[in-house]
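1. Fold the stuff below for me.
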Amino acid sequence: MVRLLIAVCAAAAAVGTSAPAAAAAPVARAACPDPGPGQLRCLTTYTPGATRALADGPVGWGADDLASAYRLPAGAGPDTVVGISIAYDAPNLEADLATYRAQYGLPPCTTANGCFRKVNQQGAAAPLPTVDIGWAIESTLDVSMVSAACPSCRILVVEGNTPGFADLAETEDTAVRLGAKVVSNSYGAREGGASLAYASHYQHPGVTVVAASGDSGFTAASYPAVLAATVAVGGTSLARDPDSARGWAEWAWEYGGSGCSAYIAKPKWQHDTHCGKRTVADVSAVADSLAIHSTDVGGWLPVSGTSASAPFVAGLYGRSGRAGVAQPADLYAHASQFVDVTTGHNDPSGAGKKCGGDYLCVAGPGYDAPTGVGVPNGLSGF
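-> This is a model prediction of the structure:
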C-alpha cells in the first residue's frame with residue numbers, strides 16, 4: 001500500500017496548477033515490474049484507471065462466459081485442494097474473492113466454511129508477508145480463475161516473503177505439504193542455471209503442477225513452465241461467434257508465451273520437430289480481458305496474462321477428479337479431446353516473422369507452441 005500511495009502522491013505533484021489538459025487514454029501495464037536477479041515476475045497486465053465501481057459490474061470475461069466457452073459441466077464437483085504459489089500478501093483477497101463468486105452465482109468460499117485458506121511460506125496463518133499491490137492483483141486473478149473453473153474446489157494460497165527463486169520454491173513445497181493436489185504458478189523468469197537449481201521443488205509425486213507460459217510472445221522459454229514435469233499453459237483471445245457451432249471463436253493471444261528450451265531435454269511425449277528440447281506450451285486457455293474485482297485498485301477491472309489461463313487450467317484439473325494423477329504427457333495422449341486453435345500468433349512485432357512463420361509462434365492445425373494441443377472442451381482432456 002505504501003508503494004501505491006507514493007505513486008499517487010507523485011502523480012498528483014506532477015499535475016501542478018496549470019490549466020487541465022485533455023486526459024490521456026489509460027495505458028496497460030504489467031502488474032509486477034521486471035524482476036531483479038534471482039527473482040520471478042507475476043504475469044498479469046492491467047490498465048490503471050479502467051476500474052468500475054461495484055454497482056457498475058464487471059468488464060471482461062466472467063465465470064459464466066468461461067463456463068460457456070469451455071463447455072464446463074453443471075453441478076458440484078470434487079473439493080480438491082488447489083494450491084496457489086504466490087509472492088507477498090494480498091490483504092483483501094478473501095473479500096475480493098467473495099465479491100467475484102457472488103457476482104457469478106458461485107458458492108461462498110471462505111475461511112469460515114473451510115474452503116479458503118491463506119498462509120505464509122512456512123504454512124502458518126501469521127505473520128504474513130509485506131503487501132505488494134501488483135502481486136495482490138495477481139493473487140486476486142488466481143483465486144478468481146480457480147473459482148471459475150472449479151467452484152467446489154478448496155483454495156490454498158501460500159504467500160512467499162519475496163518473489164525470489166528460493167522463497168517461491170518453498171511456497172510450492174508448503175502447498176503440497178498442506179494437501180494441494182494441483183498447484184498453480186502464475187509467474188515466470190527466463191530459464192537458466194540459477195532458476196533451474198530449484199527445479200525439484202516443482203516436481204512432487206501425486207501432484208499436478210501448472211505454470212503460466214509467459215506474456216512476452218515467442219522468446220526464451222519461461223521457468224517453471226519449461227520444466228518437463230510442469231503443465232505449461234499458453235494464452236488465447238476469445239470472442240463470441242454466434243455463427244459457429246461452438247458459439248465462440250478463439251485464436252492465439254498476441255502476447256502469450258512460447259519457446260524452445262536451451263536446457264531441458266525433449267520429453268518423450270513431445271514430438272514436434274523444430275525444437276530439439278522441451279517446447280512450451282502444452283495447452284492453453286483465454287488470457288485476454290478477464291474480469292476480476294480488486295479492492296486495492298478500486299473495483300472491477302479487466303486483466304490479461306497467462307497468469308489467468310494457468311490457474312483456470314489448474315482449476316479444471318481439480319474439477320476433473322484427476323488432479324495429482326494427471327501429468328503433461330496425458331494432454332498429448334488426449335489431444336483429440338481439446339479444441340484445436342488454428343489461427344493467430346504470439347509475435348507482437350509481426351505475424352510470425354520472429355519465428356519465420358513456424359509453429360513455434362504461429363497457431364495452426366495440430367500442435368503449436370503458442371496454444372499447445374488446444375483449449376479445453378469440457379473436462380475429458382484432463
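
2. Every contact and neighbour count from this point should use C-alpha atoms.
-> Fine.

3. which residues in the chain form helices?
-> With helices called from DSSP state H, the chain shows them at 2-15, 63-69, 93-103, 133-149, 165-177, 193-196, 306-320, 328-333.

4. what about the longest one, distance to the chain center?
-> Its chain's C-alpha centre and that of helix 133-149 lie 8 Å apart, by Cα atoms, centre = their mean, to the nearest Å.

5. With stretch 311-324 instead?
-> With Cα atoms, centre = their mean, you get 13 Å for stretch 311-324.

6. Show me what that stretch is in contact with.
-> Around stretch 311-324, the neighbours that count as contacts under Cα atoms under 8 Å, 6 or more residues apart in numbering are 77-82, 84, 142-143, 145-150, 152-153, 181-186, 205-211, 233, 284-285, 326, 379-380, 382.

7. again, only using 6 Å
-> Residues from elsewhere that reach stretch 311-324 (Cα atoms under 6 Å, 6 or more residues apart in numbering): 77-78, 80, 142, 145-146, 149-150, 181-182, 184, 206-208, 379.

8. just those residues: which has the poorest pLDDT?
-> Within these, pLDDT reaches its minimum at residue 77, with 89.

9. what sits against that residue?
-> Residue 77 neighbours (Cα under 6 Å, 6+ apart): 152, 319.

10. and the gap between it and residue 267?
-> In this view, residue 77 and residue 267 are 32 Å apart by Cα to Cα, to the nearest Å.

11. and what of residue 33?
-> Counting by Cα to Cα, the separation of residue 33 from residue 267 is 32 Å.

12. more crowded one of those two?
-> A count of neighbours by other Cα atoms under 10 Å puts residue 267 above the other of residue 33 and residue 267, at 16 against 13.

13. you'd agree residue 287 is up against residue 234?
-> No: judged on Cα atoms under 6 Å, residue 287 makes no contact with residue 234 at a distance of 8.0 Å.

14. Neighbour count for the two, which is higher?
-> Using other Cα under 10 Å, the more surrounded residue of residue 287 and residue 234 is residue 234, with 39 against 30.

15. returning to what we had before: residue 241: which of the helices of the chain is closest?
-> helix 63-69 (10.3 Å; Cα to Cα).

16. In the closest one, which residues are buried?
-> Neighbour-count burial for helix 63-69 flags 63, 65-67, 69 (criterion: 16 or more other Cα atoms under 10 Å).

17. In terms of secondary structure, what does it contact?
-> Of the remaining helices and strands, none touches helix 63-69 by 3 or more Cα pairs under 6 Å, 6 or more residues apart in numbering; DSSP states H and E.

18. Tabulate the CA atom coordinates of that helix in PDB.
-> The C-alpha coordinates for helix 63-69 follow below in PDB (Å, rounded to 0.1, in the frame of the first residue of the first chain):
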ATOM      1  CA  ALA A  63     -17.100 -17.100 -14.900                       C
ATOM      2  CA  ASP A  64     -20.300 -17.600 -16.800                       C
ATOM      3  CA  ASP A  65     -18.500 -16.800 -20.100                       C
ATOM      4  CA  LEU A  66     -15.700 -19.300 -19.400                       C
ATOM      5  CA  ALA A  67     -18.200 -22.000 -18.500                       C
ATOM      6  CA  SER A  68     -19.900 -21.500 -21.800                       C
ATOM      7  CA  ALA A  69     -16.800 -21.200 -23.900                       C
END
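
19. Looking at it now, give me its mean pLDDT.
-> Averaging pLDDT along helix 63-69 gives 97.

20. got the contact list for it?
-> residue 148.

21. centre of the chain versus that helix, how much separation?
-> 16 Å.

22. okay, and for the protein, where does confidence drop off?
-> Applying pLDDT under 70 to the chain picks out residues 1-26.

23. for it, which strand is longest?
-> Secondary structure of the chain per DSSP state E: the longest strand is strand 230-240.

24. quick check: angle from that one to helix 306-320?
-> Inter-element angle recorded for strand 230-240 and helix 306-320: 100 degrees (by axes from the mean of the first three to the mean of the last three Cα atoms, to 10 degrees).

25. Direction included, what does strand 230-240 pair up with?
-> Strand 230-240 has its sheet partners listed here by DSSP bridges as strand 208-212 (parallel), strand 248-252 (antiparallel), strand 283-286 (parallel).

26. Once you drop chain neighbours, what's closest to residue 167?
-> residue 160 (5.5 Å; Cα to Cα, 6 or more residues apart in numbering).

27. Report the beta-bridge partners for the one you found.
-> For residue 160, the beta-bridge partners are residue 87 (DSSP bridges).

28. Could you give the number of residues near it?
-> 27.

29. From residue 237, how far out is it?
-> 30 Å.

30. what's the answer for residue 304, then?
-> 10 Å.

31. what's near enough to touch residue 291?
-> Per Cα under 6 Å, 6+ apart, neighbours of residue 291: 58-62, 301-302.

32. So for residue 100, what's the nearest residue that isn't a sequence neighbour?
-> Closest residue to residue 100 apart from its sequence neighbours, by Cα to Cα, 6+ apart: residue 293 at 6.2 Å.

33. Actually, residue 51.
-> Per Cα to Cα, 6+ apart, closest to residue 51 is residue 301, 4.6 Å.

34. Contact partners for the one you found?
-> 51, 291-292.

35. Output the residues you listed in JSON lines, with distance to residue 115 appended to each entry.
-> Converted to JSON lines, the contacts of residue 301 look like this (distance: Cα to Cα, whole Å):
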{"residue": "51", "distance to residue 115": "28"}
{"residue": "291", "distance to residue 115": "22"}
{"residue": "292", "distance to residue 115": "19"}
